[in-house]
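>>> using only what follows, build the 3D model:
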Amino acid sequence: MKKAATTLMTAMFAFTAVWALGPRASAQAPESSKASTTAPHKSATAAPAYDRALLRPALLKTQAPETYKVKFTTLKGDFVITVTRAWAPLGADRFYNLARHHFYDRSNFFRVLKNPPFMVQFGLSAYPPVSAAWHTSIIKDDPVTQSNQRSFVSFATAGPNTRTTQVFINYGDNRRLDAMGFAPFGQVTEGMEVVDQLYGEYGEGAPAGAGPDQEQIERQGKPYLDKGWPNLDLIISTTVIGAPALAVKKPAVKSATPVAKNP
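Okay, the predicted model is just below:
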């Protein structure tokens with residue numbers, strides 16, 4: 001999969017540095033020498049442990065409603081993604097299960113490309129054990145029925161049939177991604193102005209910019225981002241609006257962000 005990600009990234013770099021849309025970037029990104037010495041988000045990173053159900057992806061296959069909404073609470077404010085299952089059923093189901101079990105809670109918007117307007121990417125867990133569990137839990141591609149235009153939301157890929165957990169929100173008109181198989185499954189219907197405010201000064205990841213390395217986010221979790229890229233915006237919590245509450249089981253951990261061996 002890493003080889004596929006590298007191939008795709010090389011092909012995509014020719015237009016607006018699209019190269020790292022894939023969920024398994026293979027390039028190593030150095031920590032930014034321009035990173036602030038202060039960490040404005042530290043106070044928000046002391047989190048409870050993750051839902052243990054996230055360690056068993058094969059069991060999280062509940063079919064999503066035909067339409068549903070997910071509210072993202074961030075340090076910049078709230079925004080809402082409305083999902084229409086008919087647009088991309090497999091993607092809609094995957095996003096529903098991840099959001100219901102709070103996969104995205106405490107994670108960062110780690111790739112924010114605004115100049116020119118491109119997209120914001122997120123979907124790597126704050127917890128290495130969770131990342132390891134989902135590393136190869138792929139879903140097949142959906143046909144592209146909508147276009148990657150401003151505010152539309154799609155899964156990132158590393159090539160055909162490689163979608164896992166990473167998604168991106170389009171900042172601009174990216175309809176050129178349609179032919180590459182990026183299938184929108186939802187749209188930001190409230191709070192796009194919040195998405196516009198997300199911190200994007202780190203730019204692209206290596207080799208084109210000073211942003212973080214996706215592999216190291218998976219391996220080290222949130223401490224890696226807090227150390228080298230402290231200004232990245234945080235997803236405090238996600239809520240599937242109207243969904244029944246789940247009984248969440250959490251493992252006991254010694255620290256706010258458990259660290260596991262490399263997957």
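
>>> please enumerate the strands of the stretch 1-150 of the chain.
Using DSSP state E, counting those that start in this stretch, the strands of the stretch 1-150 of the chain run over 67-74, 77-84, 111-113, 119-122.

>>> deepest of these, which one?
Among the strands of the stretch 1-150 of the chain, strand 111-113 has the highest mean neighbour count (mean count of other C-beta atoms under 10 Å), at a mean of 26. To be clear about C-beta, it is placed using only N, CA and C from the backbone, and glycine gets the same treatment.

>>> now it, how far from the centre of its chain.
Relative to its parent chain, strand 111-113 has a centroid offset of 11 Å by C-alpha atoms, centre = their mean, to the nearest Å.

>>> pLDDT of that strand, averaged?
Summarised as a single mean, pLDDT over strand 111-113 is 97.

>>> what does it rub up against?
16-17, 20, 119-122, 168, 171, 198-200, 202-205, 211, 232-233 (C-beta atoms under 8 Å, 6 or more residues apart in numbering).

>>> distance to Gly159 for the strands of the stretch 1-150 of the chain - can I get that in TSV?
As requested, the strands of the stretch 1-150 of the chain are exported to TSV (distance: least, C-beta to C-beta, whole Å):
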stretch	distance to Gly159
strand 67-74	26
strand 77-84	24
strand 111-113	18
strand 119-122	16
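
>>> ok, Ser137 touching Thr164?
Yes: contact criterion C-beta atoms under 8 Å: Ser137 and Thr164 qualify, at 5.9 Å.

>>> those two - which one has more neighbours?
Thr164 (24 against 14; other C-beta atoms under 10 Å).

>>> next, give phi and psi for the more buried one.
Here is the backbone geometry of Thr164 (degrees, to the nearest 10): phi -130, psi -90.

>>> pretty sure it contacts Ala133?
No: with contact defined as C-beta under 8 Å, Thr164 does not count as touching Ala133 (10.4 Å).

>>> check which helix or strand covers Ala208.
Assigned by DSSP states H and E, Ala208 belongs to neither a helix nor a strand.

>>> what's the burial count for it?
Neighbours of Ala208 using other C-beta under 10 Å come to 16.

>>> how close does it get to Val167?
21 Å (C-beta to C-beta, to the nearest Å).

>>> ok, Ala179 next?
From Ala179 to Val167 the distance is 19 Å (C-beta to C-beta).

>>> more neighbours: which of the two?
A direct count of neighbours by other C-beta under 10 Å for Ala179 and Val167 places Val167 higher, at 23 against 8.

>>> list the contacts of the more buried one.
Val167 neighbours (C-beta under 8 Å, 6+ apart): 95, 121-123, 153-156.

>>> let's go with 7 Å and repeat that
Counting by C-beta atoms under 7 Å, 6 or more residues apart in numbering, Val167 makes contact with 95, 122-123, 153-156.

>>> of these, which is the most crowded?
Among the contacts of Val167, the one with the most neighbours (other C-beta under 10 Å) is Ser154, at 29 neighbours.

>>> that residue pairs with what?
Beta-bridge partners recorded for Ser154 (DSSP bridges): Phe168, Pro184.

>>> quick revisit: minimum distance to Phe185: which of the strands of the stretch 1-150 of the chain has it?
Taking C-beta to C-beta, strand 77-84 is the member of those nearest to Phe185, at 5.8 Å.
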